[in-house]
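Trainee: Got a predicted structure plus its sequence, pasted below:
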Amino acid sequence: MRKTLDIQHRTFINATPDRVYETLTTGEGWDAWFTQGTTIDARPGGSIHFRFKDFGPDHISLEDGGAILEMVAGEKFVYQWTPGETTTTISFTLRKLGEGTLVSLTESGYQRSEQDLKAFGDCAVGWGEALTLLKFYLEHGITYGTVPRHREEKPMTKEYSIRTDNFTKIQK
């Protein structure tokens with residue numbers, strides 16, 4: 001049995017590899033379809049810092065990021081972040097296919113700890129949604145926008161992960 005778990009997704013986007021690459025390697029690119037305030041020092045050895053505010057129906061706000069490991073214009077973007085207790089590596093590989101781009105995403109390095117397994121499940125679903133959002137944005141200019149709140153709903157903050165972790169510990 002492998003010690004670590006990997007997430008893999010692929011999608012076809014009807015846009016050039018260069019356009020997909022530019023969207024993935026600039027803060028403005030990420031903010032156009034997915035984040036709010038992402039910053040990127042776009043070079044190997046640089047860093048990426050994601051900022052999500054009130055994202056999705058759960059209104060999740062979080063920040064994460066890490067080192068940029070590899071950049072090959074129009075072909076590959078590799079960086080790290082820490083969604084669980086272990087730092088993982090995200091690799092976007094772009095391949096021209098007809099008039100568009102085959103986008104392959106791999107996130108590797110999850111350990112089999114309780115916290116990493118929860119992050120693995122969340123990110124496995126999340127990356128599928130993210131690639132769909134990227135596709136809709138690049139092909140049609142559609143962005144996710146914001147989800148309206150119910151009057152009784154309180155804003156989600158960093159307490160979200162704390163509550164989730166406490167709930168997980170109670171479940172043991």
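Mentor: Okay, I see it. Computed from a prediction, not measured in an experiment: that's the story for all the values here.
Trainee: mean confidence score for stretch 115-126?
Mentor: Per-residue pLDDT values over stretch 115-126 give a mean of 94.
Trainee: So what's the gap between it and the chain middle?
Mentor: Distance of stretch 115-126 from its chain centroid, counting by Cα atoms, centre = their mean, to the nearest Å, is 11 Å.
Trainee: and what of stretch 105-118?
Mentor: 14 Å.
Trainee: Quick check: end-to-end length of that stretch?
Mentor: 19 Å (Cα to Cα, to the nearest Å).
Trainee: Name the residues that touch that stretch?
Mentor: 3-10, 84-93, 119-120, 123, 127, 131, 164-165, 168 (Cβ atoms under 8 Å, 6 or more residues apart in numbering). C-beta here means a position set from N, CA and C on the backbone, and glycine is covered the same way.
Trainee: Now tell me what touches stretch 43-55 from outside.
Mentor: With contact meaning Cβ under 8 Å, 6+ apart, stretch 43-55 is reached by 30, 35-41, 60-71, 79, 81, 146-147, 155-156.
Trainee: If any of the residues you listed are buried, give me the ChimeraX selection for them.
Mentor: Listed next is the ChimeraX selection for buried residues among the contacts of stretch 43-55, using 16 or more other Cβ atoms under 10 Å:
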select :30,35,38,39,40,60,61,65,66,67,68,69,71,79,81,156
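Trainee: Please enumerate the helices of this structure.
Mentor: Taking DSSP state H, the helices of the chain run over residues 17-24, 27-33, 114-140, 159-170.
Trainee: most packed of those?
Mentor: For the helices of the chain, average neighbour numbers computed from mean count of other Cβ atoms under 10 Å are highest in helix 17-24, which has a mean of 19.
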